[in-house]
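**Q** got a predicted model here, sequence first, then my questions.
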Amino acid sequence: MSLSKTLPPVMLAPIGCVRHQAAEVPRHWTVSDLEGELELLPPYEAGLADITPGERIIVLFVFDRSAPFTPDLLKQETRHSKQIKGVFSICSPIRPNPIGLSVLDVLAVEGCRVRVRGLDMFDGTPILDIKPAFKTE
């Protein structure tokens, strides 16, 4: 039996979205000082317990404005080095599954909202999950 026939479909639903007023968004969280909010849907508010200012969190989100992926995009030219590389070795938003990851600084938590710094997502970007970011030592 082939692998493609044994893998079950995956269904994901957003838990909230990104909110900010910026006209332009940095290309990557590592070079961003953009502040804004993660606005969660009310049923998920209790999940924000124990997230505190000063921590870093990992946010998984959907590249909802990216062009559709096609197999010819398994190799793409990088924006900064202009080299052709495999999609899984670069940060392109055009991917087989358009999922992004950013590591953000928590500034405040109030109700269903988390104030953060380091955004590289557009206003309204759907959020899939939030995870703690642990430092390695």
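**A** Ah, there it is.
**Q** any idea how far the worst-scoring helix or strand of the chain on mean pLDDT is from the chain center?
**A** Lowest by mean pLDDT, DSSP states H and E among the helices and strands of the chain is helix 3-6, with a mean of 78. Helix 3-6 sits 27 Å away from the centroid of its parent chain (Cα atoms, centre = their mean, to the nearest Å).
**Q** contacts for the helix or strand that comes right after it?
**A** Using DSSP states H and E, the next helix or strand after helix 3-6 towards the C-terminus is strand 16-19. With Cβ atoms under 8 Å, 6 or more residues apart in numbering as the test, strand 16-19 has contacts from 36-41, 44, 61, 112-113, 119, 121-127. (Each C-beta comes from the backbone N, C-alpha and C, glycine too.)
**Q** quick one: strands adjacent to strand 16-19?
**A** Applying DSSP bridges, strand 16-19 is found paired with strand 35-40 (antiparallel), strand 126-132 (antiparallel).
**Q** could you give the mean pLDDT of the first one?
**A** It refers to strand 35-40. Taken as a whole, strand 35-40 has an average pLDDT of 98.
**Q** list the buried residues of it.
**A** Residues 35-40 are the ones in strand 35-40 that count as buried (16 or more other Cβ atoms under 10 Å).
**Q** show me the contact partners of whatever helix or strand comes next after that strand.
**A** Counting by DSSP H and E, the next helix or strand C-terminal to strand 35-40 is strand 56-62. With contact meaning Cβ under 8 Å, 6+ apart, strand 56-62 is reached by 14, 18, 38, 51, 98-106, 114, 116, 121, 125-133.
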